[in-house]
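Engineer: no FASTA, just this:
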């Protein structure tokens, strides 16, 4: 005669017994049910069937064994008891909610109540860390000028067959009460299976110092967060402008209007001032010198003093090396009656999204002298040529030697309120 089983337990084979790491070997009487979880704090369900091949109903019970710990927070039997009808199947359900990535075990006894038959089971829960991470581990923004933003793109990648939620911890890169120098968008989202999400990371230093952030990405069901290291530093342009004056150097401060007076000059007279542009920062900087005909006029570059405003600059644009000083000369040489009143000179230094501007209110004028001559033209008339065809050369003879030469006296009268310098373009020829 043959023995007929009371029930059939439909379980797939697994190799957990060979992979199991424990001090004592597993008793062969235990059937192994392995539940694999992708990450922690997620509910995983294992389903299998027990069929009744007999003509009678079967009542069953699942009971945790003393040898194992049936942690209700980790393992749950959702079909603790029931009745299997003749020729039918009953679905057995176990749930596994891992709290850590460690392997968990729970020992159970399956009892057929009326038949007093038992089978022993080991419910083993293992955790696989989700393959979710960043395409790069860190971003180095380097040195950035203050308030000048720089943006890099990073991708959070999901290589699993399930979607995962992520969120970024704001406190990992922004301290309350401090200016925010790092921003990330989006701050949360869902990564679809086998895909990635692009994140824009923007660094905008507001202080002259180095920054180093470990940005924390919390991924649901992942034990440890994903970390992105972001570092960079901010620097500022430090420029000093000083005018050379007879009493010493006068410092010019950015953002304020400082006077620069040339005084009253005669037409064709010129006056030059020297100002020194110093770079005390760690980086080189460029500069540009512009002229405004008035405080609300459009700025323009100074060319030469052949046309109004009769200004010339030794270097209208250029750069100053770190730790160096550059001397720049500004010359005013009016070619006609002119007034510099209302004119503004700007020394502009680009400093990121803003500009550092030194402003000088120019003063000065050009005027014609009130000089009168006793005559403006004179005709000496016919004159004899010296004996032998010789001509006069060199300086005029003294009065006693100047007999026979025509002379006249030109009287220049200065009716101005200041001295007048007289020069002539006349050249004596042999």
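Structural biologist: Right, received. Where do you want to start? This one's a predicted model, so the numbers in the text were calculated from it and none came from an experiment.

Engineer: Parallel or antiparallel, which strands does whichever strand or helix holds residue 37 pair with?
Structural biologist: Assigning secondary structure by DSSP states H and E places residue 37 in strand 30-38. Paired neighbours of strand 30-38 in the sheet (DSSP bridges): strand 117-128 (parallel).

Engineer: Report the mean per-residue pLDDT for the partner strand.
Structural biologist: Taken as a whole, strand 117-128 has an average pLDDT of 92.

Engineer: Quick check: beta-bridge partners of residue 232?
Structural biologist: Partner residues in beta bridges with residue 232, using DSSP bridges, are residue 211.

Engineer: separation between it and residue 366?
Structural biologist: From residue 232 across to residue 366, the span is 53 Å (C-beta to C-beta, to the nearest Å). Bear in mind the C-beta positions are built from the backbone N, C-alpha and C, glycine included.

Engineer: likewise residue 129?
Structural biologist: In this structure, residue 129 and residue 366 are separated by 83 Å, where distance is defined by C-beta to C-beta.

Engineer: same deal with residue 292?
Structural biologist: When distances are taken as C-beta to C-beta, residue 292 and residue 366 turn out to be 19 Å apart.

Engineer: Between the two, which has more neighbouring residues?
Structural biologist: Set side by side, residue 292 and residue 366 show unequal neighbour counts under other C-beta atoms under 10 Å, the larger going to residue 366 at 24 against 17.

Engineer: List the buried residues in the helix or strand the more buried one falls within.
Structural biologist: Assigned by DSSP H and E, residue 366 falls within strand 354-367. Residues of strand 354-367 classed as buried under the neighbour-count rule (16 or more other C-beta atoms under 10 Å) are 356, 358-364, 366-367.

Engineer: in its sheet, what does that strand sit against?
Structural biologist: strand 257-266 (parallel), strand 338-339 (antiparallel), strand 344-351 (antiparallel).

Engineer: Mind putting those strands into CSV with mean neighbour count and mean pLDDT?
Structural biologist: Converted to CSV, the strands paired with strand 354-367 look like this (neighbours: other C-beta atoms under 10 Å; pLDDT from 0 to 100):
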stretch, mean neighbour count, mean pLDDT
strand 257-266, 15, 90
strand 338-339, 16, 88
strand 344-351, 19, 90
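
Engineer: between the ones you listed, which gets nearest to residue 407?
Structural biologist: Closest of these to residue 407 is strand 257-266, at 29.2 Å (criterion: C-beta to C-beta).

Engineer: can you give me how far that closest one is from the chain middle?
Structural biologist: In terms of C-alpha atoms, centre = their mean, to the nearest Å, the centre of strand 257-266 is found 42 Å from the chain centre.

Engineer: and if you look at stretch 298-316?
Structural biologist: Its chain's average C-alpha position is 37 Å from that of stretch 298-316, according to C-alpha atoms, centre = their mean.

Engineer: what mean pLDDT does that stretch have?
Structural biologist: When pLDDT is averaged over stretch 298-316, the result is 83.

Engineer: What lies in contact with that stretch?
Structural biologist: 270, 288-293, 317, 326, 328-336, 338, 340, 343, 346, 362, 366 (C-beta atoms under 8 Å, 6 or more residues apart in numbering).

Engineer: Please list only the buried members of those.
Structural biologist: Here, 16+ other C-beta under 10 Å leaves 270, 289-292, 326, 328, 330-334, 338, 340, 343, 362, 366 buried among the contacts of stretch 298-316.

Engineer: circling back: as JSON lines, the strands paired with strand 354-367 with distance to residue 180 would be great.
Structural biologist: As requested, the strands paired with strand 354-367 are exported to JSON lines (distance: least, C-beta to C-beta, whole Å):
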{"stretch": "strand 257-266", "distance to residue 180": "34"}
{"stretch": "strand 338-339", "distance to residue 180": "51"}
{"stretch": "strand 344-351", "distance to residue 180": "20"}
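
Engineer: lowest average confidence, helix or strand, in this structure?
Structural biologist: Of all the helices and strands that make up the chain, strand 371-373 has the lowest average by mean pLDDT, DSSP states H and E, namely a mean of 76.

Engineer: which strands and helices sit next to that strand?
Structural biologist: Of the remaining helices and strands, those touching strand 371-373 by 3 or more C-beta pairs under 8 Å, 6 or more residues apart in numbering; DSSP states H and E are strand 412-414.

Engineer: For the strand it packs on, give the mean pLDDT please.
Structural biologist: Here the average pLDDT along strand 412-414 is 82.

Engineer: Pretty sure residue 49 is one of the things residue 92 touches, is it not?
Structural biologist: Yes. With contacts defined as C-beta atoms under 8 Å, residue 92 counts as touching residue 49 at a distance of 7.1 Å.

Engineer: Give me the more crowded residue out of these two.
Structural biologist: Ranked by neighbour count (other C-beta under 10 Å), residue 92 and residue 49 place residue 92 first, with 23 against 15.

Engineer: and the more buried one, helix, strand or coil?
Structural biologist: Here residue 92 takes the strand state, with states given by DSSP: H, G, I helix; E, B strand; the rest coil.

Engineer: so what's it closest to, chain neighbours aside?
Structural biologist: Taking C-beta to C-beta, 6 or more residues apart in numbering as the measure, residue 92 lies nearest to residue 79, with 5.0 Å between them; neighbours along the chain are not counted.
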